[in-house]
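Visitor: When you get a sec, could you give me coordinates for this:
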Amino acid sequence: MSQPSWFTEAHEASGSSIGFRTEGLLHAEKTPFQSIEIHKTTDWGNLMVIDGCVMLTSRDNFLYHEMMTHPALFTHALAKRVVIIGGGDCGTLREVLKHEEVEHVTQVDIDERVTRLAEEYFPELCDSNDDPRAELLFDDGIKYMAELEPGSVDLVIVDSTDPVGPAEGLFNADFYASCFKALRHGGLLVQQSESPLAHLDLIKAMRGAMRTAGFNALKTLPFPQPCYPTGWWSCTMARKGGDLSGFRERGAATKTFATRYYNVDMHKAALAQPEFMRQAFGE
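Guide: This is a model prediction of the structure:
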């Protein structure tokens, strides 16, 4: 290990950057799809970087993984079959499998190396990979969704990188139409939707594409995420039939598993939109 230095990601769109003090580079490789680095930090545990962009740290990933999963699973009446597109670090998979009603989860990530490196450097995220309800596929998620049987799943979670490179095709109406077709009535789509402060136009475009695909109810949930640009992130839920005005509060309040961020009050808080978001989305 070398003397402490800094890994810094500059974010041109917001005129800002975020950095982590590091003790050394644990791993670096270029896969057929992207470049991946694992750094050891002094205060944030291990750090995964893909194509120069921070993906997760050991210290704060729970914020993202919990908000990408539990609000949707406590909104759906009974989600038995779940599909995760992306999510190669397996943290989202772990959170989904905390719900006893889930019978089967298929995770489809195009790059197997993300998962293998997560197993080595973020093993705490992968402790449910051997759950008999879990199926890990390393394939094209866009193709997978297009070929799914209509009305066959209850929840689709798009745990993708930024809308460039392999993830670019996950942010348009054609892909959302595939998700809409695959979902049962009352089913939910959840898409990571970037920073409300830096990417509001992208979020508006995503929501428009979801409506074009047929989703009639949308809600963008903001939450803190220190390792991402601006430190503030979001996910967007879309429903096929029904609305998103409420959730199973009693179920959330009496959940039988531990969380570090998500609870009933955090769910309610995320449903309350800041004024600039309400104006932007017409809510």
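Visitor: residues of the longest helix that the chain contains that come out buried?
Guide: Counting residues, the longest helix found in the chain (DSSP state H) is helix 200-213. Judged by neighbour count (16 or more other Cβ atoms under 10 Å), helix 200-213 contains these buried residues: 200, 202-203, 206-207, 209-210, 213. C-beta coordinates here come from the backbone N, C-alpha and C atoms, glycine included.
Visitor: between those residues, which is nearest Tyr176?
Guide: Proximity of those to Tyr176 was ranked by Cβ to Cβ; the top entry is Ala213 with 3.7 Å.
Visitor: My reading is that Tyr144 lies in a strand. Confirm?
Guide: No. Under DSSP: H, G, I helix; E, B strand; the rest coil, Tyr144 sits outside any strand and is assigned helix.
Visitor: Can you report how many residues lie near it?
Guide: By the measure other Cβ atoms under 10 Å, the count of residues near Tyr144 is 17.
Visitor: Mind giving me the packing neighbours of the longest helix of the chain?
Guide: For helix 200-213, the packing partners by 3 or more Cβ pairs under 8 Å, 6 or more residues apart in numbering; DSSP states H and E come out as helix 173-182, strand 183-192, strand 217-224, strand 232-239, helix 275-281.
Visitor: ok now that helix, how far from the chain's centre?
Guide: 17 Å (Cα atoms, centre = their mean, to the nearest Å).
Visitor: same check, this time on stretch 256-265
Guide: So, by Cα atoms, centre = their mean, the centroid of stretch 256-265 is 17 Å from its chain's centroid.
Visitor: quick one on the thing from earlier: got the helices and strands packed on helix 200-213 as JSON lines, with mean neighbour count, distance to Arg94 and mean pLDDT columns?
Guide: Formatted as JSON lines, the helices and strands packed on helix 200-213 follow (neighbours: other Cβ atoms under 10 Å; distance: least, Cβ to Cβ, whole Å; pLDDT from 0 to 100):
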{"stretch": "helix 173-182", "mean neighbour count": "20", "distance to Arg94": "22", "mean pLDDT": "95"}
{"stretch": "strand 183-192", "mean neighbour count": "23", "distance to Arg94": "16", "mean pLDDT": "97"}
{"stretch": "strand 217-224", "mean neighbour count": "20", "distance to Arg94": "18", "mean pLDDT": "97"}
{"stretch": "strand 232-239", "mean neighbour count": "23", "distance to Arg94": "17", "mean pLDDT": "97"}
{"stretch": "helix 275-281", "mean neighbour count": "13", "distance to Arg94": "29", "mean pLDDT": "95"}
